[in-house]
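1. I'd like to go over a predicted model; first the sequence, then the structure.
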Amino acid sequence: MVASHDSAIEELSRAAQEVGKGQFDIHVRPSSRDEIGLFAESFNQMASALKEREQALHQAQAALVQSEKMAAFGQLGAGIAHEIKNPLAGF
């Protein structure tokens, strides 16, 4: 039982290092139904939640970039419209 706990803890440790590097698509196989197994299940839930949040963050960043592009396009359009109505008197 101690040997299986040691290997489970080592697997959890390696998985935690991967999550620390930003690799959230990771799954630890629970080896038992004791505290270590419950911890492995909790770890898997955490990694899954982090993956979902990372995906949501990427979507929000993409939407923000698109919004900034549209705002810049709107400002450009407003500037052009202003120049058409009020041309510069450079002559």
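-> Thanks, I have the structure now.
2. Output the longest helix belonging to this protein.
-> What stands out as the longest helix in the chain, according to DSSP state H, is helix 35-85.
3. Run through the neighbouring helices and strands of it.
-> Applying 3 or more Cβ pairs under 8 Å, 6 or more residues apart in numbering; DSSP states H and E, one finds that helix 35-85 contacts helix 2-20. Where C-beta positions appear, they are placed from N, C-alpha and C, glycine not excepted.
4. And the helix it packs on, what's buried?
-> For helix 2-20, the neighbour count (16 or more other Cβ atoms under 10 Å) marks 8, 11, 12, 15, 19 as buried.
5. any idea of the angle that helix forms with helix 35-85?
-> Calculated by axes from the mean of the first three to the mean of the last three Cα atoms, to 10 degrees, helix 2-20 forms an angle of 10 degrees with helix 35-85.
6. any residues touching helix 2-20, and which ones?
-> Here helix 2-20 makes contact (Cβ atoms under 8 Å, 6 or more residues apart in numbering) with 26, 28-32, 36-37, 39-40, 43, 46-47, 50.
7. mind running it again at 7 Å?
-> 26, 28, 31, 32, 36, 39, 40, 43, 47, 50 (Cβ atoms under 7 Å, 6 or more residues apart in numbering).
8. Now residue 32. Nearest residue, chain neighbours left out?
-> Using Cβ to Cβ, 6 or more residues apart in numbering and skipping the chain neighbours, the partner closest in space to residue 32 is residue 4 (6.9 Å).
9. And the one you found, how far from residue 44?
-> Per Cβ to Cβ, to the nearest Å, residue 4 is found 18 Å from residue 44.
10. tell me the centre residue of this protein?
-> The chain has residue 54 as the residue nearest its centroid, 1.5 Å off, counting by Cα atoms, centre = their mean.
11. That one and residue 24 touch, don't they?
-> Yes: judged on Cβ atoms under 7 Å, residue 54 makes contact with residue 24 at a distance of 5.9 Å.
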